[in-house]
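S.K.: how would this look folded up:
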Amino acid sequence: MMERISERKKSFFGKLAERLNDALYMHVEIDEDMMDEIEEILITSDIGMDTTMNIMEELRTYIKDNAIVLSKNVRKGLKQIIARLIDKGERNKLSDKTPLVIMMIGINGGGKTTTIAKLGNKLKREGKTVMFAAADTFRAAAAEQLDIWGKRIGVNTVMHQEGADPSAVLFDAIQSAKAKHIDVLICDTAGRLQTKKNLMTELEKMNRVISREYPEADRETLLILDATNGKNAISQAKEFNEVAEISGVVITKLDGTAKGGIAITIADEFDMPIKFIGTGEGIEDIQEFDAEEFAGGIFNE
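M.R.: So this is what the prediction gives:
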């Protein structure tokens, strides 16, 4: 297991790690060419311009304050700066209160359904009782897909027919969860509606159902983002942030092909805590986010 975690850690940043290591290796001493090269590498690795400028400004301060001359000593500072940007403290942790309702939002194809299954399985293994609500009633076979995952891991799924009112599905799921004293209810939501206004209206309606029917439940709203979508994932974060009160992010598909840079941008520019990362296709391939470990992936540490 430790070997698998080590392999994942090394792949968080893909080519970003290689390019930064190469840049520092090529320059023995710190100069403007090296700093410009680091800046270019960050910008072209799915790290937004504003976040890159923040990192570079802090890096220059770190170099000056610590009287650093050799490029190899820049590693520690860069790692610390990025770890600080993405570390949101307790906000990086999923609520451990029960009962808990988790609303899962994100576009179709981003790994939302499989992430629900992975998270449900993880919570079950931790000793919690879990139920799914298949409230993405607009995508063909979405409920059936979630139900199949539920059966595989031993979790009941509340579902209606395709095209049903998502809030009605959630209402029934809440009643069932209350009756069965379920610890965590995870609710799938529509990945795409006609307009942002429609999506906002639907999410507001569902949140009203929770407030009315389950006021004692704690809540999380998790945005699912696909790391391989790069800058498109950042655009999705911006759009969903405008229509929902997001409590955290799950970044999926952080395998060897991912640059990992979007995690830094999401945490910095949107102040969104990253709760989990998905690292593969298996049901257990989900990890709680660790800022220091993640930042260490920049240099394969």
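
S.K.: make it CA atoms for all contacts and neighbour counts henceforth
M.R.: Noted.

S.K.: Just give me the neighbour total for Gly163.
M.R.: Gly163 has 12 neighbours, counted by other C-alpha atoms under 10 Å.

S.K.: Got the phi and psi for it?
M.R.: phi 90, psi 0 (degrees, to the nearest 10).

S.K.: now do Glu220
M.R.: When read as degrees, to the nearest 10, the backbone of Glu220 gives phi -140, psi 140.

S.K.: Same question for the one 5 residues further on.
M.R.: When quoted as degrees, to the nearest 10, the phi and psi of Leu225 stand at phi -130, psi 140.

S.K.: Contacts only, for the residue nearest to it when sequence neighbours are not counted.
M.R.: Once flanking residues are discounted, Leu225 sits nearest to Ile251: 4.9 Å by C-alpha to C-alpha, 6 or more residues apart in numbering. Taking C-alpha atoms under 8 Å, 6 or more residues apart in numbering as the contact definition, Ile251 lies against 224-227, 263, 274, 276-278.

S.K.: Ile251 pairs with what?
M.R.: Leu225, Ile277 (DSSP bridges).

S.K.: Could you list the low-pLDDT ranges of the stretch 151-300 of the chain?
M.R.: 193-195, 255-259, 299-300 (pLDDT under 70).

S.K.: could you pull out the strands for it?
M.R.: 156-158, 184-188, 218-226, 248-252, 274-278, 286-288 (DSSP state E, counting those that start in this stretch).

S.K.: other SSEs contacting the last one?
M.R.: Translated: strand 286-288. Secondary-structure packing of strand 286-288 (3 or more C-alpha pairs under 8 Å, 6 or more residues apart in numbering; DSSP states H and E): helix 112-125, strand 274-278.

S.K.: So which of the ones you listed is the most surrounded?
M.R.: strand 274-278 (a mean of 26; mean count of other C-alpha atoms under 10 Å).

S.K.: next one: that strand to chain centre, how far?
M.R.: 4 Å (C-alpha atoms, centre = their mean, to the nearest Å).

S.K.: Quick one: work out the angle between that strand and strand 248-252.
M.R.: Inter-element angle recorded for strand 274-278 and strand 248-252: 20 degrees (by axes from the mean of the first three to the mean of the last three C-alpha atoms, to 10 degrees).

S.K.: if you average pLDDT over stretch 135-146, what comes out?
M.R.: Averaged across stretch 135-146, the pLDDT comes to 87.

S.K.: what's the answer for stretch 104-117, then?
M.R.: Mean pLDDT, computed over stretch 104-117, is 89.

S.K.: who touches that stretch?
M.R.: Here stretch 104-117 makes contact (C-alpha under 8 Å, 6+ apart) with 145-146, 149-150, 153, 186-192, 221-226, 236, 240, 252, 278, 283, 286.

S.K.: end to end, how far does it reach?
M.R.: Stretch 104-117 has an end-to-end distance of 11 Å (C-alpha to C-alpha, to the nearest Å).

S.K.: In TSV: the helices and strands packed on strand 286-288, plus distance to Ala177.
M.R.: Shown next, in TSV, are those (distance: least, C-alpha to C-alpha, whole Å):
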stretch	distance to Ala177
helix 112-125	14
strand 274-278	24
